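Participant: from the sequence below, what's the structure:
(one chain, ligands or ions: 2)
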Amino acid sequence: MALKHIEKKVNRILKKDRPDSPIQPVRLERDSTFQFQCHPGVSCFTRCCRNMNIILTPYDIIRMKNRLGMSADLFLKLYARQEILGITGIPVARLNMLEEMDGKCPFVTPEGCQIYTDRPVCCRYYPIGIASLRQQEKHQGEEEEFFFLVKEDHCKGFDEPVEWTVDSWRADQEADLYDSMNRGWMELLLRKKSFGEESEMPPRAQQLFYMVTTNMERFRKFVFESRFLDTYEVDDQILREIREEDTALMQFGFEYLKVAIFGGESDRLKLRQEILDREVKKIIKRRKKNKRRLQRLSRGRR
Ligand code: SF4
Ligand code: SF4
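Facilitator: Residues are numbered from 1 along each chain as shown. Ligands and ions are numbered 1, 2, ... in the order given. Alright, predicted model coming up:
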């Protein structure tokens, strides 16, 4: 990609040409510094925890429902709603704000966030935004990450005399852990996006995607109590891990969706040979049937 194009793309991401944007038109690197602190002493404390557009990642849901000591079913019922994410056509869970209470987040209290150490990723990263550029020509499709500051006028945290680098802020917010947990999910979103608007995800695939990415109890039942293991071959060690740990099951779920919905391959689960043979037979049978139909049609035309 030519330098000029990269610059244009960075400007578009940073919304340089939109004067009303809270995004500071400055590209930050990992060692760039900024001043910020959010604490109960700031005059705006908790005011931003309302009318937020929060898409919950699969790892957010695990942390939050465990923190609240409830099942995923109950958590989703009480706090989230399913919706389709933009042009990806992919179902995601959005955190419900309390409309009857001025759009407040259900977890905000006068003392701050009730689930602070397990709050969703989008609340953790503020005021740092992250973007990535794909440097197609120069680095053979490598992703290049960069950061920017989201500076909103009402936020008094920027007047506080505490200095961070992007890296020290990310470490404080457990950003690396959250990024690594969410990577498989992000890859699935991008995979779908790359198909473009044309290809709608069929309703049954949407249902499966939502269940696997939001509800570990249901997904665990699906793996161990349906015909899943008659269809896929999974290593015993992996089975032991996913029976016990939600995060291991979540990562396994990303692999499963890659195979089952997007036709990808995975080292962690493979279609059993007898299932593959059966599928191949079905395809051959379908092709033969189509061929006979075409032959009949062409004979009819003569
Ligand atoms: S989850 Fe916590 S930090 Fe995030 S909006 Fe709600 S109260 Fe605020
Ligand atoms: S507006 Fe800024 S300083 Fe105020 S509570 Fe929100 S993040 Fe903290």
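Participant: can we go C-alpha only for contacts and neighbour counts from here?
Facilitator: Will do.
Participant: flag the shaky bits of the stretch 201-302 of the chain, pLDDT-wise.
Facilitator: Counting by pLDDT under 70, the stretch 201-302 of the chain has low-confidence residues at 301-302.
Participant: how about the nearest residue to whichever residue of the stretch 201-302 of the chain sits closest to ligand 2, chain neighbours excluded?
Facilitator: Proximity of the stretch 201-302 of the chain to ligand 2 (CA to the nearest ligand atom) peaks at residue 214, 26.9 Å away. Spatially, and ignoring its direct neighbours in sequence, residue 214 is nearest to residue 58 (5.4 Å; CA to CA, 6 or more residues apart in numbering).
Participant: residue 200 too?
Facilitator: Spatially, and ignoring its direct neighbours in sequence, residue 200 is nearest to residue 89 (6.2 Å; CA to CA, 6+ apart).
Participant: what helices or strands is the lengthiest helix in the chain leaning on?
Facilitator: In the chain, with assignment by DSSP state H, the single longest helix is helix 273-301. The elements that helix 273-301 packs onto, with contact taken as 3 or more CA pairs under 8 Å, 6 or more residues apart in numbering; DSSP states H and E, do not include any helix or strand.
Participant: ok, the residue of the stretch 201-302 of the chain found nearest ligand 1 - contacts?
Facilitator: In the stretch 201-302 of the chain, no residue comes nearer to ligand 1 than residue 214, which is 16.9 Å away by CA to the nearest ligand atom. For residue 214, the residues meeting the contact criterion (CA atoms under 8 Å, 6 or more residues apart in numbering) are 57, 58, 61, 72, 93.
Participant: roughly how far does it sit from residue 250?
Facilitator: Counting by CA to CA, to the nearest Å, the gap from residue 214 to residue 250 is 9 Å.
Participant: next, see if stretch 168-179 gets close to ligand 2.
Facilitator: No - no part of stretch 168-179 sits close enough to ligand 2 to count as contact by CA under 6 Å from any ligand atom; the gap is at least 13.2 Å.
Participant: just to revisit the earlier point, joint contacts of residue 214 and residue 250?
Facilitator: Shared contacts of residue 214 and residue 250 (CA under 8 Å, 6+ apart): residue 58.
Participant: over to the residue nearest to residue 107 when sequence neighbours are not counted: give its phi and psi.
Facilitator: Using CA to CA, 6+ apart and skipping the chain neighbours, the partner closest in space to residue 107 is residue 114 (5.3 Å). The main-chain torsion angles of residue 114 are listed as degrees, to the nearest 10 and equal phi -70, psi -20.
Participant: ok, back up a step: ok, the residue nearest to residue 214 to residue 128 distance?
Facilitator: Going from residue 58 to residue 128 by CA to CA gives 21 Å.
Participant: out of these two, which sits in the busier spot?
Facilitator: The residue with the greater number of neighbours, taking residue 58 and residue 128 and applying other CA atoms under 10 Å, is residue 58; the counts read 24 against 18.
Participant: please verify my assumption that that one contacts residue 216.
Facilitator: No - the criterion here is CA atoms under 8 Å, and residue 58 misses it with residue 216 at 9.1 Å.
Participant: common neighbours of these two, please.
Facilitator: For the pair residue 58 and residue 216, residues contacting each of them under the criterion CA under 8 Å, 6+ apart are residue 250.
Participant: what comes into contact with stretch 47-65?
Facilitator: Stretch 47-65 is contacted by residues 71-72, 75, 92-95, 97, 102-105, 108, 115, 118-122, 155, 178, 181-182, 185, 213-214, 216, 246-247, 250 when judged by CA under 8 Å, 6+ apart.
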